[in-house]
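Enquirer: Sequence isn't available, so here's the structure alone:
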């Protein structure tokens with residue numbers, strides 16, 4: 001055999017060298033994290049500015065809530081479809097288009113002269129932002145070898161976990177010191193920097209280029225029916241979760257209609273996507289990933305993580321503002337130490353993920369979050385700022401041990417060609433979990449407060465000697481201090497004061513009920529960790545199919 005032939009034969013049997021990006025991996029990671037951080041920040045930054053937006057545009061506060069809903073609905077529609085769309089134009093180009101759309105629509109939101117236009121621009125912003133997080137996660141998964149993905153996901157986790165927590169604080173500060181329009185304008189320079197760096201540093205791996213080339217050969221054959229089902233299903237779901245409690249759930253015909261539309265569209269979508277797979281077409285949602293036990297469990301874990309993260313991110317500020325009298329800014333400062341703890345713990349967990357079995361890290365994370373919530377169950381109407389901040393720090397330390405391991409194991413055994421699908425579905429789980437957590441807190445707070453009020457008010461009757469004694473005692477105090485002109489007026493004031501205190505106590509008990517339920521949910525995940533099975537420490541790339 002000739003030397004040339006031998007060399008050719010050796011080339012054919014030699015294992016393919018894993019693809020690696022030409023640029024510095026950490027420079028790429030920082031680049032793609034910039035825009036993602038701003039996108040996740042925008043899910044919560046406008047919350048505290050709603051009264052200012054309503055006043056500035058001549059609308060009611062209820063009408064202004066569509067500024068939030070429109071963004072979330074558009075985000076939920078694009079997010080699961082991001083992997084499918086990259087098939088036709090490439091991941092880098094898709095990511096850059098999303099950055100451009102996000103930055104441009106952010107500027108238009110800041111310039112919007114009316115509420116309808118602002119809502120329209122927020123839909124554009126949500127559509128652009130919907131593709132950023134899954135694209136970034138897929139870029140990180142391909143840029144870093146498996147044994148270093150945990151460290152890369154630590155940086156990604158900083159953006160995704162801390163942004164919702166600091167959003168209300170930053171939004172409140174900007175609104176109080178400048179103008180609500182600047183909560184949108186601040187996205188523009190970040191988008192420009194991200195766009196410039198992405199063009200210079202980020203590149204598509206060979207299998208993405210191959211998919212794009214095949215798509216060009218086959219022609220632009222978009223699955224319009226599947227995309228319509230996706231938009232109706234997840235758009236309706238996000239609308240129901242955001243507006244359900246406000247409109248009394250099934251007591252509202254609109255909410256009932258969208259629930260039926262959501263269920264019908266998602267069930268039809270599942271059968272349609274399976275049919276597309278049997279015909280050999282590229283599905284919008286790669287449901288075959290759920291055949292992998294590890295991915296299915298990681299999807300559930302990510303849903304629970306989003307539920308607990310966003311649920312408590314809404315719960316704690318609302319508690320301190322409504323019952324303890326904190327300002328929006330002070331409530332944000334109470335949450336900030338938790339964000340700092342997350343920032344400190346993320347690199348630590350990123351290092352440990354390559355040394356310790358992911359099951360131990362996730363088990364520790366769920367146990368820590370559960371114990372932190374149990375500790376929160378001892379809060380009362382006299383809790384100090386420092387105790388609330390420390391409880392949030394306790395909880396945040398556990399969240400870091402969940403986000404990185406869950407994201408890392410989701411890619412276990414998955415071919416690199418399906419990394420986009422994994423990132424799209426895991427981000428979908430986190431977003432939908434967050435929306436469910438927010439809706440759960442809002443609904444249970446109202447329902448449990450009403451239940452506790454109905455129980456407590458039974459004791460506030462004329463036949464209750466203790467109640468009558470309290471009224472006489474408070475009446476005397478009001479008259480003595482000149483707060484009431486006579487004993488009759490003082491009696492009415494006393495009854496009003498006692499009722500006010502009762503509603504505060506009922507709300508306090510409702511918050512504690514919600515915290516207890518969230519804690520139980522986290523502890524229930526501990527047995528699920530055992531179902532994951534032993535995961536080999538990553539030492540190389542998953543097979544590329």
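Expert: Great, that's in hand. Since we're looking at a predicted model, the values are computed, not measured. Numbering: from 1, shown residues only.

Enquirer: Double-check residue 151 against residue 144; I have them as touching.
Expert: Yes: contact criterion C-beta atoms under 8 Å: residue 151 and residue 144 qualify, at 7.4 Å. (C-beta placed from N, C-alpha, C; glycine too.)

Enquirer: anything in contact with each of these two?
Expert: Residues within reach of residue 151 and of residue 144 at once, by C-beta atoms under 8 Å, 6 or more residues apart in numbering: there are none.

Enquirer: Can you report how many residues neighbour residue 300?
Expert: Look at residue 300: counted by other C-beta atoms under 10 Å, it has 16 neighbours.

Enquirer: and the next element down the chain from the helix or strand hosting residue 69?
Expert: Element membership for residue 69 (DSSP states H and E) is helix 66-89. Counting by DSSP H and E, the element after helix 66-89 in chain order, helix or strand, is helix 91-111.

Enquirer: and the angle from that next one to helix 66-89?
Expert: Per axes from the mean of the first three to the mean of the last three C-alpha atoms, to 10 degrees, the angle that helix 91-111 makes with helix 66-89 is 160 degrees.

Enquirer: who does helix 91-111 touch, helix- and strand-wise?
Expert: Helix 91-111 sits against helix 25-41, helix 66-89, helix 115-130, helix 132-143, helix 182-185, helix 187-201, with contacts defined as 3 or more C-beta pairs under 8 Å, 6 or more residues apart in numbering; DSSP states H and E.

Enquirer: next one: it to chain centre, how far?
Expert: The chain centroid and the centroid of helix 91-111 are separated by 20 Å under C-alpha atoms, centre = their mean, to the nearest Å.

Enquirer: buried sites along stretch 342-353?
Expert: Residues of stretch 342-353 classed as buried: 342, 343, 345, 346, 347, 349, 350, 352, 353 (neighbour count, 16 or more other C-beta atoms under 10 Å).

Enquirer: Now do the contacts for the third one.
Expert: Applying C-beta under 8 Å, 6+ apart, one finds that residue 345 lies in contact with 396, 397, 400, 401.

Enquirer: Those: which two are farthest apart?
Expert: 396 and 401 (10.4 Å; C-beta to C-beta).

Enquirer: before we move on, the earlier item: which of the contacts of residue 345 sits closest to residue 67?
Expert: Using C-beta to C-beta, those come closest to residue 67 at residue 396, 28.0 Å.

Enquirer: hang on, the closest one packs against residue 343?
Expert: No: using C-beta under 8 Å, residue 396 is not in contact with residue 343, being 9.2 Å away.

Enquirer: Show the residue spans covered by the helices in the stretch 251-400 of the chain.
Expert: In the stretch 251-400 of the chain, helices defined by DSSP state H, counting those that start in this stretch lie at 253-278, 293-322, 328-352, 358-376, 385-410, listed in chain order.

Enquirer: re the thing from before, show me which of the buried residues of stretch 342-353 is closest to residue 445.
Expert: Closest to residue 445, out of all of the buried residues of stretch 342-353 and judged by C-beta to C-beta, is residue 342, at 25.0 Å.

Enquirer: Assess the claim that that closest one and residue 158 are in contact.
Expert: Yes: with contact defined as C-beta under 8 Å, residue 342 counts as touching residue 158 (7.0 Å).

Enquirer: Compute the number of surrounding residues for the residue nearest to residue 484 when sequence neighbours are not counted.
Expert: Of all residues not flanking residue 484 in the chain, residue 490 sits nearest, at 3.6 Å (C-beta to C-beta, 6 or more residues apart in numbering). The number of residues packed near residue 490 is 22, by other C-beta under 10 Å.

Enquirer: before we move on, what about residue 63?
Expert: Neighbours around residue 63, by other C-beta under 10 Å: 16.

Enquirer: Residue 174 versus that one, what's the distance?
Expert: According to C-beta to C-beta, to the nearest Å, residue 63 and residue 174 sit 22 Å apart.

Enquirer: Check residue 305 too.
Expert: 28 Å.

Enquirer: of those two, who's got more company?
Expert: More crowded of residue 305 and residue 174, by other C-beta under 10 Å: residue 305, with 27 against 20.

Enquirer: Report the contact partners of the closest residue to the more buried one other than its chain neighbours.
Expert: Computed as C-beta to C-beta, 6+ apart, the closest residue to residue 305 that is not its neighbour in sequence is residue 402, at 5.1 Å. Contact analysis of residue 402 by C-beta under 8 Å, 6+ apart lists 301, 305, 362, 365, 366, 369.

Enquirer: Now flag whichever of the contacts of residue 345 is closest to residue 446.
Expert: Nearest to residue 446 among the contacts of residue 345, with distances taken as C-beta to C-beta, is residue 396, at 27.0 Å.

Enquirer: Pull the number of nearby residues for the residue nearest to the closest one when sequence neighbours are not counted.
Expert: Nearest residue to residue 396 in three dimensions, chain neighbours excluded: residue 338, at 3.6 Å (C-beta to C-beta, 6+ apart). Counted with other C-beta under 10 Å, the neighbours of residue 338 add up to 28.

Enquirer: ditto for residue 333
Expert: Here the count is done by other C-beta under 10 Å, and residue 333 has 13 residues near it.
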